[in-house]
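# sequence first, predicted coordinates after that:
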Amino acid sequence: MQGAVAANGEVYVLCRAAHPVLLFDANGRFISAWGEGRFSNFVHGLSIDRQGKIWIADSGLHTVTQHDPDGTLLRTLGTPNAAEPTFYGHPFNMPTGSAFTSDGDVFVSDGYGNRRVHRFAPDGTLKYSWGEPGTGPGQFALVHFIGADWNDRLYVCDRDNHRIQIFSQAGETLTVWTGFNMPSDLAFGRGAIYVGGGDGLSIWTPERRLLARFDPDVAGKGSLNIHGVWIDADENIYLAQFDRAVSKLTRVKA
């Protein structure tokens with residue numbers, strides 16, 4: 001599962017089920033669902049752009065789609081059911097997520113099949129790509145999710161290399177954060193970066209000073225064995241776990 005909170009506070013959750021996109025209010029009350037029969041059983045990533053549009057990365061269909069909040073399809077990147085050969089690294093082969101920068105460009109993590117990041121213009125034109133298999137800077141084992149911070153730097157969860165790589169919009173490697181256990185997703189608050197993965201939830205400054213850590217329970221069974229992490233405007237934290245649950249950690253106000 002993966003998710004995001006819209007500007008109006010409604011919570012979107014993507015899951016591999018009969019009703020793929022679930023919509024809840026901030027208290028977890030169900031509102032509606034959409035996407036039935038439109039995604040594969042390996043649909044992977046959901047994100048919301050700065051205009052409030054919903055983007056779905058479907059690893060099984062090899063597509064990234066843009067939708068209105070009610071599910072209306074606006075755009076499809078990639079060809080459904082047509083994986084690009086991994087040798088060339090063209091989009092897509094099992095994409096996993098998307099991120100957006102202030103100029104309107106769309107960055108896609110691609111993914112399980114490719115070891116690439118692709119940059120698209122706002123009109124969907126591919127600008128360029130970077131990445132290849134490996135363990136060095138700018139190389140990936142599994143490009144699991146991607147996010148853009150306040151300064152348009154791209155953070156890539158290179159999950160199976162147990163690290164997060166940080167890039168400029170041009171694909172330059174800026175720094176590499178190591179020491180994680182399968183980082184799966186991250187989110188950006190006001191001066192804080194939230195990282196979820198096999199080692200639970202950790203919260204960092206941009207300079208990588210640890211602010212807080214919530215250790216996981218037994219792997220595969222605990223409430224902090226995390227696949228997705230996102231926050232709302234008050235920096236309450238939402239966690240999507242491998243045990244098919246979503247948890248909300250409410251921020252305590254001083």
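Looks like it came in fine.
# thought residue 2 was touching residue 44?
Yes: judged on C-beta atoms under 8 Å, residue 2 makes contact with residue 44 at a distance of 7.0 Å. Just so you know, the C-beta spots here come from the backbone N, C-alpha and C atoms, and that holds for glycine as well.
# who touches both of these two?
Common contacts of residue 2 and residue 44, defined by C-beta atoms under 8 Å, 6 or more residues apart in numbering, comprise 14, 97.
# for residue 160, grab the count of nearby residues.
13 (other C-beta atoms under 10 Å).
# tell me the secondary structure of it, please.
Judged by DSSP: H, G, I helix; E, B strand; the rest coil, the three-state class of residue 160 is helix.
# try residue 16
coil.
# and it, how many neighbours?
14.
# against residue 244, how distant is it?
Relative to residue 244, residue 16 is positioned 9 Å away (C-beta to C-beta, to the nearest Å).
# tally of neighbours for residue 212?
10.
# ramachandran coordinates for it?
Here is the backbone geometry of residue 212 (degrees, to the nearest 10): phi -160, psi 160.
# residue 109 too?
Reported as degrees, to the nearest 10, the phi and psi values for residue 109 are phi -90, psi 130.
# in this structure it contacts residue 146, no?
Yes: taking contacts as C-beta under 8 Å, residue 109 lies within contact range of residue 146: 4.0 Å.
# intersection of neighbour lists for those two?
With C-beta under 8 Å, 6+ apart, residue 109 and residue 146 have common neighbours 96, 97, 98, 99, 117, 156, 157.
# farthest-separated two in those?
98 and 157 (13.1 Å; C-beta to C-beta).
# identify the contacts common to the two.
Common contacts of residue 98 and residue 157, defined by C-beta under 8 Å, 6+ apart, comprise 109, 146.
# show me what counts as buried in stretch 115-126.
By neighbour count on 16 or more other C-beta atoms under 10 Å, the buried set for stretch 115-126 is 115, 116, 117, 118, 119, 120.
# equivalent analysis for stretch 157-173, please.
157, 158, 159, 161, 162, 163, 164, 165, 166, 167, 169.
# what of stretch 130-140?
So, applying 16+ other C-beta under 10 Å, buried residues of stretch 130-140: 130, 131, 138, 139, 140.
# so the third one is in contact with residue 117, correct?
No: if you go by C-beta under 8 Å, residue 138 and residue 117 don't touch, sitting 9.3 Å apart.
# overlap of the contact sets of the two?
Contacts common to residue 138 and residue 117, judged by C-beta under 8 Å, 6+ apart, are 130, 131, 167, 171.
# which one of the residues you listed is nearest to residue 78?
Nearest member of the shared contacts of residue 138 and residue 117 to residue 78, counting by C-beta to C-beta, is residue 131, at 16.8 Å.
# beta partners of the nearest residue to the closest one once chain neighbours are set aside?
Spatially, and ignoring its direct neighbours in sequence, residue 131 is nearest to residue 116 (4.3 Å; C-beta to C-beta, 6 or more residues apart in numbering). With DSSP bridges as the criterion, residue 116 is bridged to residue 110.
# tell me which residues of stretch 31-47 come out buried.
If you call a residue buried by 16+ other C-beta under 10 Å, then stretch 31-47 has these buried ones: 33, 34, 35, 38, 39, 40, 43, 44, 45, 46, 47.
# follow-up on the earlier one: between residue 109 and residue 146, which one's more packed in?
Between residue 109 and residue 146, residue 109 has the larger neighbour count (other C-beta under 10 Å), namely 32 against 29.
# contact partners for the more buried one?
Per C-beta under 8 Å, 6+ apart, neighbours of residue 109: 45, 57, 95-99, 117, 143-146, 156-157.
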